[in-house]
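A.B. asks: need a 3D model of the sequence below.
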Amino acid sequence: MRHLSRGFTLIEMIIVIVVLGIIAVTAVPRFLNISSDSRIAALDGFVAAFRAADEMVRSKAIMHGMEYTLERTQIPGTDLYVIFGHMNLKKEDVEKAMDVSGYSLLSVTDNSLFVSLRDDIKSSEDLSKLSKHGCYLFIKLPRPHNNEDGDITGNLLDHEITKIYDGC
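C.D. replies: From the prediction side, this is the model:
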């Protein structure tokens, strides 16, 4: 007796297509979320590298007795700048202190910095793009308390890092 192979029946083909459709519907959102997770991880990586670079700059500033500077000051023998005992947040100063390839930096003042993965953030007019995009960091160095003579009193404050990840 011979059996002839005739292939799949119409019912079997429909079942296979339905199963593949269900798998696709459940898997696609997860694949889309992977790119969001990678953008968040990249920005978190910048935060870690930034903190490490700031500690290096801060150590050099302390060695030169510059931990209480009230304005942007160059550390002698380097191209690094500090303010309030921390790395200055001017774009050029951050680029000298650490590798920022793959990130867009925008400094509005000497003590605030926007960090994004977008490459079209060039000036303060582009800040609206950042807020629409919703995937960036805002780093700020709070001004320390001063006494009547202008001297810093109390502890120096660390950078405040605000993570805006809702659009990643």
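
A.B. asks: alpha carbons only for contacts and neighbour counts from here, please
C.D. replies: Fine.

A.B. asks: remind me which residues of this structure are low pLDDT?
C.D. replies: Filtered on pLDDT under 70, the chain yields the residue ranges 1-5, 29-33, 125, 144-157.

A.B. asks: just want the most central residue of it.
C.D. replies: Closest residue to the average C-alpha location of the chain: Leu43 at 3.0 Å, with CA atoms, centre = their mean.

A.B. asks: quick one: the strands in the chain?
C.D. replies: Applying DSSP state E to the chain gives strands spanning 73-74, 81-83, 86-87, 104-109, 112-116, 136-140, 160-164.

A.B. asks: okay if I get those as JSON lines plus mean neighbour count?
C.D. replies: Formatted as JSON lines, the strands of the chain follow (neighbours: other CA atoms under 10 Å):
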{"stretch": "strand 73-74", "mean neighbour count": "16"}
{"stretch": "strand 81-83", "mean neighbour count": "25"}
{"stretch": "strand 86-87", "mean neighbour count": "28"}
{"stretch": "strand 104-109", "mean neighbour count": "19"}
{"stretch": "strand 112-116", "mean neighbour count": "22"}
{"stretch": "strand 136-140", "mean neighbour count": "21"}
{"stretch": "strand 160-164", "mean neighbour count": "15"}
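
A.B. asks: can I get the ones you listed in TSV including distance to Val18?
C.D. replies: As requested, those are exported to TSV (distance: least, CA to CA, whole Å):
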stretch	distance to Val18
strand 73-74	66
strand 81-83	62
strand 86-87	58
strand 104-109	44
strand 112-116	41
strand 136-140	40
strand 160-164	39
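
A.B. asks: and of those, who's closest to Asp54?
C.D. replies: Nearest of those to Asp54, taken as CA to CA: strand 86-87 at 5.4 Å.

A.B. asks: hmm, who's touching that closest one?
C.D. replies: Under the contact criterion CA atoms under 8 Å, 6 or more residues apart in numbering, strand 86-87 has outside partners Asp54, Glu55, Val57, Arg58, Ala61, Glu67, Leu80, Tyr81, Asp93, Val94, Asp158.

A.B. asks: neighbours of the residue lying closest to Arg39 once chain neighbours are set aside, just the number please.
C.D. replies: Excluding the flanking residues, the one nearest Arg39 by CA to CA, 6 or more residues apart in numbering is Cys168, at 6.4 Å. Neighbourhood size, Cys168 [other CA atoms under 10 Å]: 16.

A.B. asks: check Lys60 too.
C.D. replies: Per other CA under 10 Å, the neighbour tally for Lys60 reads 20.

A.B. asks: same check, this time on Ser38
C.D. replies: Neighbour number of Ser38 under other CA under 10 Å is 12.
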